[in-house]
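# Prediction below, plus the sequence it came from.
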Amino acid sequence: MEPFTASDLKERKRNTIKDFVSVAGVLHVTHMSIFTRTENGMYLKLCRVPRGPTLMFKIYHFSLSRDVVSLAKKQFVFEEAFKNSPLIVLNNFSGEGMQMKLMASMFQNMFPTINLTTVRLSSIRRCVCLNYNSATKLIDFRHYAIKAVPVGLSRSVKKLVQARIPNLSKCQDFSEFISKATVSESEGEDDPANHVTLPQELSSRGNHESSKSAIRLFELGPRISMQLIKVEDGLLEGEVLFHDFIEKSEEDKLFIQKRREKKKKLKENRKKAQEENKKKKERKKEQAKEKSLKGMQKKKKETDILMHKIAKESNEGDKEEDDDSQYYRDEVGEEPDKELFDGSVKKRKVRSFAPRYKSKKAKTSA
């Protein structure tokens with residue numbers, strides 16, 4: 001699927017399908033492929049994000065990419081091939097039935113469309129082939145790298161064209177190396193049906209415009225053999241549009257539809273109740289805030305009144321002190337001590353003197 005994949009997405013074990021659907025729009029993801037394993041076998045689910053449909057396939061055989069490449073006689077894997085999207089090839093998907101059209105459109109929309117008038121041949125480096133077997137109902141998935149090889153050149157000339165250094169140890173002259181009767185790999189191995197005339201020049205050596213070249217395919221993997229068993233209207237849920245194993249009557253379909261509608265209404269009612277409860281909680285919070293603000297304002301007013309009263313009383317006390325000091329000046333004619341009329345100085349309690357022992361009476365002489 002490279003390069004149009006969310007390869008930088010970091011997932012965790014606790015992530016659910018809803019989490020991936022929520023970020024699909026931000027990452028411009030249109031399809032999800034989900035592999036699952038149960039006791040009965042392995043399954044592949046192809047989902048169109050965010051509203052479906054969902055196609056469910058049962059996987060009968062598969063081979064990993066590393067196994068396919070390691071078993072190949074000639075390996076042809078390079079990074080440049082994955083910088084452009086592959087070419088999609090569908091074979092025998094023109095059968096009857098809604099599921100066939102749905103499968104074909106799903107596979108086609110998983111890859112970007114190619115404009116034949118503006119496409120450059122050098123950008124088509126890979127192809128994905130899907131073959132449907134109408135007898136077994138199996139779909140074979142294959143993935144290849146494409147290589148164009150010039151046709152009509154001898155092996156020696158082909159080495160020179162591809163900028164490879166030839167071995168001239170067995171030749172006395174360079175002309176002998178050129179005129180040596182050898183059959184090229186393309187002429188010896190390729191079928192004439194694979195020969196094409198290039199409408200554009202390719203980046204590889206020897207493939208010029210209007211020249212003949214042979215197309216070679218190198219398998220990259222993976223290999224998958226699968227069968228469509230179920231089609232759902234929604235994303236991993238909804239009405240079952242097609243099922244390969246189970247056929248239901250109209251009564252069963254009507255009953256399932258009513259049950260689904262009832263479940264949908266319950267979900268909507270639950271959602272409304274949750275929203276109402278949320279609004280009530282917000283209202284209560286606002287009321288509590290208003291109440292606390294009113295209490296703070298009331299407390300502030302009380303403290304202001306109290307402070308005003310204390311200030312007033314202190315002013316009156318100062319006036320009384322001034323009057324006393326003036327009276328002392330008028331009567332005595334001197335300035336009073338500072339501590340005399342200071343309210344902060346505590347008056348000491350005057351204790352009356354009481355002798356501890358009684359005085360002895362004087363003895364009278366006889």
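Done, it's in. Numbering: from 1, shown residues only.
# drop to CA atoms for contacts and neighbour counts, all remaining ones
Will do.
# For residue 80, the count of nearby residues, please.
9 (other CA atoms under 10 Å).
# sec struct for it, please.
helix (DSSP: H, G, I helix; E, B strand; the rest coil).
# For the chain, which segments count as strands?
Remark: strands assigned in the chain by DSSP state E are 31-37, 42-48, 54-63, 87-91, 126-133, 138-150, 195-197, 212-219, 223-232, 240-243.
# Out of those, the one nearest residue 255 is which?
Evaluated over the strands of the chain, closeness to residue 255 peaks at strand 240-243, with 13.0 Å, by CA to CA.
# Make sure residue 36 is actually in contact with residue 44.
Yes. Counting by CA atoms under 8 Å, residue 36 does reach residue 44; the two are 6.5 Å apart.
# Between these two, point out the one with more neighbours.
Neighbours per residue, other CA under 10 Å: of residue 36 and residue 44, the larger number sits with residue 44, 18 against 11.
# Go ahead and confirm the more buried one touches residue 35.
Yes. If you go by CA under 8 Å, residue 44 and residue 35 touch, sitting 4.7 Å apart.
# OK, contacts around residue 237?
The contact partners of residue 237, taken as CA atoms under 8 Å, 6 or more residues apart in numbering, are residue 54.
# got it, and residue 5?
Taking CA under 8 Å, 6+ apart, one finds residue 29 in contact with residue 5.
# I'd like to know how far it sits from residue 51.
19 Å (CA to CA, to the nearest Å).
# can you check residue 11 too?
From residue 11 to residue 51 the distance is 22 Å (CA to CA).
# more neighbours, those two?
residue 51 (14 against 10).
# picking that back up, are there residues contacting both of residue 36 and residue 44? Which ones?
By CA under 8 Å, 6+ apart, no residue touches both residue 36 and residue 44.
# re the thing from before, using a markdown table, lay out the strands of the chain together with mean pLDDT and distance to residue 24.
Conversion of the strands of the chain to a markdown table gives the following (pLDDT from 0 to 100; distance: least, CA to CA, whole Å):
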| stretch | mean pLDDT | distance to residue 24 |
| --- | --- | --- |
| strand 31-37 | 93 | 9 |
| strand 42-48 | 95 | 11 |
| strand 54-63 | 95 | 16 |
| strand 87-91 | 93 | 23 |
| strand 126-133 | 95 | 24 |
| strand 138-150 | 90 | 25 |
| strand 195-197 | 81 | 41 |
| strand 212-219 | 86 | 31 |
| strand 223-232 | 94 | 20 |
| strand 240-243 | 86 | 24 |
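# nearest to residue 76, of those?
Per CA to CA, nearest to residue 76 of the strands of the chain: strand 212-219, 6.2 Å.
# what comes up buried for that closest one?
212, 213, 214, 215, 218, 219 (16 or more other CA atoms under 10 Å).
# For this structure, which element, helix or strand, carries the lowest mean pLDDT?
Ranked by mean pLDDT, DSSP states H and E, the helix or strand of the chain with the weakest confidence is helix 185-189, at a mean of 46.
# any chance of the buried residues of strand 212-219 in a markdown table, plus distance to residue 300?
Output for the buried residues of strand 212-219, formatted as a markdown table (distance: CA to CA, whole Å):
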| residue | distance to residue 300 |
| --- | --- |
| 212 | 96 |
| 213 | 93 |
| 214 | 93 |
| 215 | 90 |
| 218 | 85 |
| 219 | 83 |
